[in-house]
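In: What follows is a predicted structure for the sequence shown.
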Amino acid sequence: MVLILDFLYTDWCKVNLENVMALFKAADIYGIKKLKSICEQTIIQNINIENAANIFLEADTHYADLLREVSLKYILKMFDPITKTVGFEKLVLENGELVVEILWKRKIPEIKSTAENN
């Protein structure tokens, strides 16, 4: 990928919505931490209902802790509309454990308030 080479030689490349996920994955594979961080920030700034589940899946796959945390919080906040997306369906099919984590984190406030009332 030309953009990766550009970044390695110049410490800069054009990161946009069209290329950010591919660059993020490549930066993780090749251990280019600065580029991976730049991509994470771009992704965080552009998280939405349609892409949140996919971002959560990719963040988990590529060990991007901040991105994983931000996307999980967004999913919890916007749970109902996100569950109706193709990205969430993909998440269910590809990594059920992440779906269980989401459901468990949604349940925790209910468990705490039940315990406090007893």
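Out: Thanks, I have it.
In: Worst mean pLDDT across the helices and strands of this protein, which element?
Out: Sorting the helices and strands of the chain by mean pLDDT, DSSP states H and E puts helix 96-117 at the bottom, at a mean of 78.
In: what comes up buried for stretch 83-100?
Out: The neighbour-count check on stretch 83-100 (16 or more other Cβ atoms under 10 Å) flags 83, 85, 87, 88, 91, 98, 99 as buried. Where you see a C-beta, it was placed from the backbone N, CA and C, and this is true even at glycine.
In: Run the chain-centre distance for the helix or strand hosting the fourth one.
Out: I take that to be residue 88. Counting by DSSP states H and E, the element that carries residue 88 is helix 86-94. From the chain centre to the centre of helix 86-94 is a distance of 13 Å (Cα atoms, centre = their mean, to the nearest Å).
In: ranges for the helices of this protein?
Out: For the chain, the helices defined by DSSP state H cover 2-10, 20-30, 33-45, 52-61, 65-77, 79-82, 86-94, 96-117.
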